[in-house]
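Undergrad: Quick one, structure for this:
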Amino acid sequence: MTAAELSVVFFLQMFVIIAVSRLVGWLAKKYLGQPQVVGEMIAGVLLGPSLFGLLAPDIQHMLFPKDSKSVLYVGAQMGVGLYMFLVGLGFQADHFKSNAKSAAAVSLSGMAAPFLVAVAIAPWLLSLGLFGKGIDTFQATLFMGAAISITAFPMLARIIHERGLSKTPLGTLSLSAGAIDDAGAWTVLAIVLATFGGGPAVAIKAIVGGAVFVAFMVTLGPKLLAPLGRWAEREGKVTPNILGVVVMLFMLSAWAMDAVGIHAVFGGFILGTVLPRGVLSREVKKQLEPFAVVLLLPMFFTFSGLHTQLTMVNSVSLVAVTLVILAGSILAKGGACWAAARLTGQDNATACGIGALMNARGLMELIIINIGLQKGIIGPALFSMLVLMAIITTLMASPLFEILYGKAARARGELGALDESDDEDSELARAPA
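TA: The predicted structure is shown next:
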């Protein structure tokens with residue numbers, strides 16, 4: 001397709017993506033009690049081959065031709081990265097410091113237990129022919145461990161904001177643990193890719209590059225960025241020039257994490273956590289949030305949905321395997337995070353809430369398994385099983401959280417009513433800087 005043809009298709013794509021995302025998100029909130037973000041995830045899957053492509057394949061192919069997917073990919077990465085930058089701006093560093101021990105324990109436990117499940121089931125899945133050719137038990141175990149242990153970091157952030165948890169220690173603890181958890185999962189994925197033919201340089205670059213970036217941003221970032229905060233304070237607002245500098249810094253941070261093989265979302269999030277608070281952080285949120293949430297983020301969900309085909313799980317035996325993967329994933333992740341939170345001093349209700357939230361895998365899971373499918377690590381059937389696991393664990397996260405923690409906390413006045421806090425278009429702007 002020519003550039004002019006791509007332009008014509010892109011604008012029609014965006015109309016459909018935004019319309020379907022808003023509609024399904026509204027329906028999910030109104031009738032299923034789910035956050036807007038879960039509806040948007042479902043909307044992305046519906047626009048792919050699982051429904052739209054199944055019912056009207058010619059129209060779906062015309063709307064989403066192969067050549068246009070590279071454009072959607074870039075927009076998707078910028079959207080999810082920018083959103084995580086905004087989440088970082090509302091990150092409560094004091095809560096993280098007071099919960100650092102719990103966050104590390106929850107994160108490590110939430111990875112260790114799923115890896116034990118992977119050790120148990122990977123040889124079985126390998127014997128069923130669900131992995132690609134040439135994959136050995138070690139590679140299969142590492143990949144399944146990463147896939148089962150990952151938490152939907154961007155989705156977890158949106159659920160936390162939409163549930164009114166952004167100002168609470170529970171929300172900050174869950175987000176902190178999710179960040180550590182996903183960084184570890186991406187590192188493991190890099191190791192898998194290295195053993196699969198990428199070479200050891202892939203894993204070394206990811207581990208060393210990510211560590212250097214985080215260390216630099218946490219230690220020197222606040223001092224280097226302080227003049228930007230003072231500039232905004234003198235102006236009393238964020239001028240176009242100030243916003244331009246912030247956006248450039250975001251692009252540079254996202255590039256750094258993508259370049260080393262982690263993910264753009266972590267670059268955006270880390271930058272957000274160290275940007276000066278006050279006028280700068282508050283006004284940047286107000287100016288960037290609508291653009292990121294309404295326009296860019298649905299591109300992320302749709303791009304992933306275009307690579308999801310749920311019709312692959314089409315036999316009783318495959319359904320049985322899916323149920324084993326689902327049960328092992330839920331019990332290992334949720335149970336381990338609950339136990340770790342309890343052992344580090346959290347009360348039972350808080351620990352249960354953390355376990356429920358950390359179990360959501362969402363589209364970060366889909367990113368990992370798409371990479372696995374493209375690299376030939378897993379086959380289409382296992383890919384579809386893991387998609388179902390991602391969707392189910394994400395759908396259950398919010399209602400399970402409300403049952404285990406949310407309802408009682410709202411009754412005690414510790415959380416606001418849902419109708420006051422689940423509007424995703426304004427929650428970030430209301431979160432304190």
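Undergrad: So Val117 versus Glu402, what's the distance?
TA: In this view, Val117 and Glu402 are 26 Å apart by CB to CB, to the nearest Å. Where C-beta positions appear, they are placed from N, C-alpha and C, glycine not excepted.
Undergrad: Which one of the two is surrounded by more residues?
TA: Val117 (23 against 18; other CB atoms under 10 Å).
Undergrad: Could you pull up the contacting residues of the more buried one?
TA: By CB atoms under 8 Å, 6 or more residues apart in numbering, the contact list for Val117 reads Met144, Gly145, Ile148, Gly328, Ser329, Ala332.
Undergrad: Tell me the gap between the lengthiest helix in the chain and the middle of its chain.
TA: Scanning the chain for the longest helix, with DSSP state H as the assignment, gives helix 3-32. Remark: helix 3-32 is offset 20 Å from the chain centroid, using CA atoms, centre = their mean, to the nearest Å.
Undergrad: go on, stretch 128-138?
TA: 27 Å.
Undergrad: Leu249 and Gly272 touch, don't they?
TA: No. Applying CB atoms under 8 Å, one finds Leu249 not in contact with Gly272, separated by 10.2 Å.
Undergrad: which one of these two has more residues nearby?
TA: Legend: neighbour count by other CB under 10 Å for Leu249 and Gly272, higher for Gly272 (24 against 19).
Undergrad: Show me what counts as buried in the longest helix of the chain.
TA: Val9, Gln13, Met14, Ile17, Ile18, Val20, Ser21, Arg22, Val24, Gly25, Ala28, Lys29 (16 or more other CB atoms under 10 Å).
Undergrad: what does stretch 247-259 give?
TA: Going by neighbour count (16+ other CB under 10 Å), the buried part of stretch 247-259 is Leu249, Phe250, Met251, Ser253, Ala254, Ala256, Met257, Asp258.
Undergrad: next one: stretch 108-115
TA: Neighbour-count burial for stretch 108-115 flags Leu108, Ser109, Gly110, Met111, Ala113, Pro114, Phe115 (criterion: 16+ other CB under 10 Å).
Undergrad: Kindly export it (C-alpha atoms) in PDB.
TA: Provided in PDB are the C-alpha atoms of stretch 108-115 (Å, rounded to 0.1, in the frame of the first residue of the first chain):
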ATOM      1  CA  LEU A 108       9.200 -12.600  43.900                       C
ATOM      2  CA  SER A 109       6.600 -14.900  45.300                       C
ATOM      3  CA  GLY A 110       4.300 -14.100  42.400                       C
ATOM      4  CA  MET A 111       7.000 -15.200  40.000                       C
ATOM      5  CA  ALA A 112       8.500 -18.200  41.900                       C
ATOM      6  CA  ALA A 113       5.200 -20.100  42.400                       C
ATOM      7  CA  PRO A 114       4.100 -19.900  38.700                       C
ATOM      8  CA  PHE A 115       7.600 -21.000  37.700                       C
END
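Undergrad: Pull the distance from that stretch to the chain's centre.
TA: Here stretch 108-115 shows a centroid-to-chain-centroid distance of 18 Å under the convention CA atoms, centre = their mean.
Undergrad: Poorly predicted segments of this structure, please.
TA: Across the chain, the ranges flagged by pLDDT under 70 are 91-99, 154, 167, 193-199, 363, 414-433.
Undergrad: tell me the contacts of Leu228?
TA: Contacts of Leu228 (CB under 8 Å, 6+ apart): Ile242, Val245, Val246, Leu275, Pro276, Leu280.
Undergrad: Please produce JSON lines containing the buried residues of helix 3-32, extended by distance to Ile262.
TA: Below are the buried residues of helix 3-32 laid out as JSON lines (distance: CB to CB, whole Å):
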{"residue": "Val9", "distance to Ile262": "31"}
{"residue": "Gln13", "distance to Ile262": "28"}
{"residue": "Met14", "distance to Ile262": "28"}
{"residue": "Ile17", "distance to Ile262": "26"}
{"residue": "Ile18", "distance to Ile262": "29"}
{"residue": "Val20", "distance to Ile262": "30"}
{"residue": "Ser21", "distance to Ile262": "27"}
{"residue": "Arg22", "distance to Ile262": "31"}
{"residue": "Val24", "distance to Ile262": "30"}
{"residue": "Gly25", "distance to Ile262": "28"}
{"residue": "Ala28", "distance to Ile262": "30"}
{"residue": "Lys29", "distance to Ile262": "32"}
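Undergrad: who's in contact with Ile369?
TA: Counting by CB under 8 Å, 6+ apart, Ile369 has contacts Ala147, Ile378, Phe383, Leu386, Val387, Ala390.
Undergrad: Could you tell me which of those belong to helices?
TA: Counting by DSSP H, the part of the contacts of Ile369 found in helices is Ala147, Phe383, Leu386, Val387, Ala390.
Undergrad: Tell me the one of the residues you listed nearest His263?
TA: Looking at those and their distance to His263, the nearest is Ala147, at 14.9 Å (CB to CB).
Undergrad: that older thread, want to throw the buried residues of stretch 108-115 into a markdown table with distance to Glu233 and secondary structure?
TA: Shown next, in a markdown table, are those (distance: CB to CB, whole Å; DSSP: H, G, I helix; E, B strand; the rest coil):
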| residue | distance to Glu233 | secondary structure |
| --- | --- | --- |
| Leu108 | 39 | helix |
| Ser109 | 42 | helix |
| Gly110 | 39 | helix |
| Met111 | 41 | helix |
| Ala113 | 46 | helix |
| Pro114 | 45 | helix |
| Phe115 | 47 | helix |
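Undergrad: Looking at those residues, which one is closest to Gly236?
TA: For the buried residues of stretch 108-115, the residue nearest Gly236 by CB to CB is Gly110; the value is 43.3 Å.
Undergrad: Show me where the stretch 51-200 of the chain has its helices.
TA: With helices called from DSSP state H, counting those that start in this stretch, the stretch 51-200 of the chain shows them at 52-55, 57-63, 69-89, 93-98, 100-127, 137-149, 153-162, 169-193, 200-219.
Undergrad: try the stretch 301-433 of the chain
TA: For the stretch 301-433 of the chain, the helices defined by DSSP H, counting those that start in this stretch cover 316-343, 348-358, 362-374, 380-401, 407-411, 418-421, 427-430.
Undergrad: Need the contact partners of the second one.
TA: With contact meaning CB under 8 Å, 6+ apart, helix 348-358 is reached by 106, 110, 151, 156, 159-160, 170, 173-174, 177-178, 181, 333-335, 337-339, 341-342, 346, 396-397, 400-401, 404-406, 408-409.
Undergrad: Right, I'll leave it there.
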